[in-house]
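J.: below: sequence and its predicted model.
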Amino acid sequence: MEQEEVLNKLIIEFSKTLEVFNLSPLEARLFVHLYLSKEPMTLDDMSEALGKSKTSMSTSARHLYEANLISQVWKKGVRKDLYEANNDLFNTFVTSHFKQITSLIHRQKEVITNIEGQINNSETFQNQIKDIIAFHSQLETLFENIKLNANT
């Protein structure tokens, strides 16, 4: 098997793993490309490597940057923006994903708590809402414990 063919297989398979972290297939492939690249890449480089438009590379790079999965770097003599992948794969992805999950759980718990205040005096329904809020609290505790254990 040729080196390029093996590299393409690696990119495809690792990208599938990264899609679990709420990345689009293109974002996942772009991250893997940046991770495997020996040098930072411009949007033009990314576009050429992945065969996609510069606009779609810009959008994907912005999403990866906002998720703190890639960084913008400076290189003397290069006027275009350069990007590289953050190398600490586990901490980069777990931290980013945990922030998203815990934020969502917390936000949903607040919304459901507000709904609880609007419920009529149906005891069965109130008990179910209390169980739903307790479920969200348990999820918050679970993810906080996982986060603490990952940092030790």
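T.: That came through fine.
J.: buried stuff in the helix or strand bottoming out on mean pLDDT in the chain?
T.: Using mean pLDDT, DSSP states H and E, the weakest-scoring helix or strand in the chain turns out to be helix 123-150, at a mean of 83. Of the residues in helix 123-150, 129, 132, 133, 136, 139, 143 count as buried by neighbour count, 16 or more other C-beta atoms under 10 Å. (Each C-beta comes from the backbone N, C-alpha and C, glycine too.)
J.: what do you get for stretch 65-80?
T.: Buried, per 16+ other C-beta under 10 Å, within stretch 65-80: 67, 69, 70.
J.: mind telling me what element the nearest residue to residue 140 once chain neighbours are set aside is part of?
T.: Once flanking residues are discounted, residue 140 sits nearest to residue 105: 5.6 Å by C-beta to C-beta, 6 or more residues apart in numbering. Residue 105 belongs to helix 89-116 when assigned by DSSP states H and E.
J.: now for that helix, which elements pack on it?
T.: On a contact count with 3 or more C-beta pairs under 8 Å, 6 or more residues apart in numbering; DSSP states H and E, helix 89-116 meets helix 123-150.
J.: who does the helix it packs on touch, helix- and strand-wise?
T.: helix 89-116.
J.: state the phi and psi torsions of residue 85.
T.: phi -80, psi 140 (degrees, to the nearest 10).
J.: how far away is it from residue 37?
T.: 8 Å (C-beta to C-beta, to the nearest Å).
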